[in-house]
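Colleague: After the sequence you'll find the predicted model.
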Amino acid sequence: MTCLPLAPPKMDDGYAEIQDMLIEVNLRIENEHKPTFTSVSMLDKLYKELIVLLHAYKGYFALYYHEIHGL
(Lines give C-alpha, C1' and ligand atoms only; values in the text may rest on other atoms or scores of the structure.)
Protein backbone atom coordinates (compact mmCIF):
# COMPACT_ATOMS: atom_id res chain seq x y z
CA MET A 1 0.00 0.00 0.00
CA THR A 2 1.37 3.44 -0.88
CA CYS A 3 1.48 6.38 1.50
CA LEU A 4 -0.90 9.19 0.72
CA PRO A 5 0.15 12.79 1.35
CA LEU A 6 -1.73 14.71 4.04
CA ALA A 7 -4.40 17.06 2.80
CA PRO A 8 -3.48 20.74 3.11
CA PRO A 9 -5.33 22.60 5.87
CA LYS A 10 -8.33 24.64 4.84
CA MET A 11 -9.15 28.10 6.13
CA ASP A 12 -11.94 26.67 8.29
CA ASP A 13 -9.53 24.28 10.01
CA GLY A 14 -8.20 26.93 12.42
CA TYR A 15 -6.60 25.87 15.65
CA ALA A 16 -8.41 26.56 18.90
CA GLU A 17 -6.70 29.34 20.80
CA ILE A 18 -6.50 28.67 24.51
CA GLN A 19 -5.62 31.42 26.93
CA ASP A 20 -5.38 31.08 30.70
CA MET A 21 -7.28 33.45 32.90
CA LEU A 22 -4.84 35.84 34.56
CA ILE A 23 -4.46 37.42 38.00
CA GLU A 24 -2.82 40.83 38.26
CA VAL A 25 -0.02 41.12 40.82
CA ASN A 26 1.14 44.62 41.69
CA LEU A 27 4.89 44.87 42.25
CA ARG A 28 4.52 48.36 43.68
CA ILE A 29 7.74 50.26 44.24
CA GLU A 30 6.92 53.23 46.45
CA ASN A 31 3.83 54.85 44.85
CA GLU A 32 4.39 53.47 41.34
CA HIS A 33 1.97 50.84 40.01
CA LYS A 34 3.98 47.97 38.44
CA PRO A 35 1.59 45.22 37.34
CA THR A 36 2.55 41.74 36.25
CA PHE A 37 0.25 38.79 35.58
CA THR A 38 0.18 35.14 36.60
CA SER A 39 -2.04 32.26 35.55
CA VAL A 40 -5.17 31.45 37.56
CA SER A 41 -4.57 27.74 36.94
CA MET A 42 -1.28 27.78 38.87
CA LEU A 43 -1.19 25.60 41.98
CA ASP A 44 -1.78 27.57 45.19
CA LYS A 45 1.59 26.66 46.77
CA LEU A 46 3.49 27.55 43.59
CA TYR A 47 1.51 30.81 43.28
CA LYS A 48 2.46 31.88 46.83
CA GLU A 49 6.13 31.02 46.23
CA LEU A 50 6.11 32.96 42.95
CA ILE A 51 4.59 36.05 44.61
CA VAL A 52 7.28 35.97 47.32
CA LEU A 53 9.97 35.64 44.63
CA LEU A 54 8.53 38.47 42.51
CA HIS A 55 8.34 40.83 45.48
CA ALA A 56 11.87 39.93 46.59
CA TYR A 57 13.28 40.83 43.15
CA LYS A 58 10.80 43.54 42.11
CA GLY A 59 13.63 46.05 41.60
CA TYR A 60 15.00 43.88 38.78
CA PHE A 61 11.89 43.99 36.58
CA ALA A 62 11.40 46.69 33.97
CA LEU A 63 8.16 47.77 32.34
CA TYR A 64 9.81 50.01 29.76
CA TYR A 65 13.06 49.78 27.79
CA HIS A 66 14.44 52.99 29.31
CA GLU A 67 14.26 51.32 32.74
CA ILE A 68 16.62 48.51 31.67
CA HIS A 69 20.17 49.30 32.74
CA GLY A 70 22.81 49.00 30.05
CA LEU A 71 20.56 49.45 27.00
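Modeller: Done, it's in.

Colleague: can you give me the strands for the protein?
Modeller: Assigned by DSSP state E, the chain shows strands spanning 22-26, 35-39.

Colleague: can I get those in JSON lines with distance to Ala56?
Modeller: C-beta: built from backbone N, CA, C; applies to glycine. Output for those, formatted as JSON lines (distance: least, CB to CB, whole Å):
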{"stretch": "strand 22-26", "distance to Ala56": "13"}
{"stretch": "strand 35-39", "distance to Ala56": "13"}
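
Colleague: Go through those strands and name the closest to Tyr47.
Modeller: strand 35-39 (6.5 Å; CB to CB).

Colleague: mind checking how far stretch 21-39 is from the chain centre?
Modeller: 12 Å (CA atoms, centre = their mean, to the nearest Å).

Colleague: Of all the residues in it, which ones are buried?
Modeller: Neighbour counts over stretch 21-39 (16 or more other CB atoms under 10 Å) mark 25, 27, 34, 36, 38 as buried.
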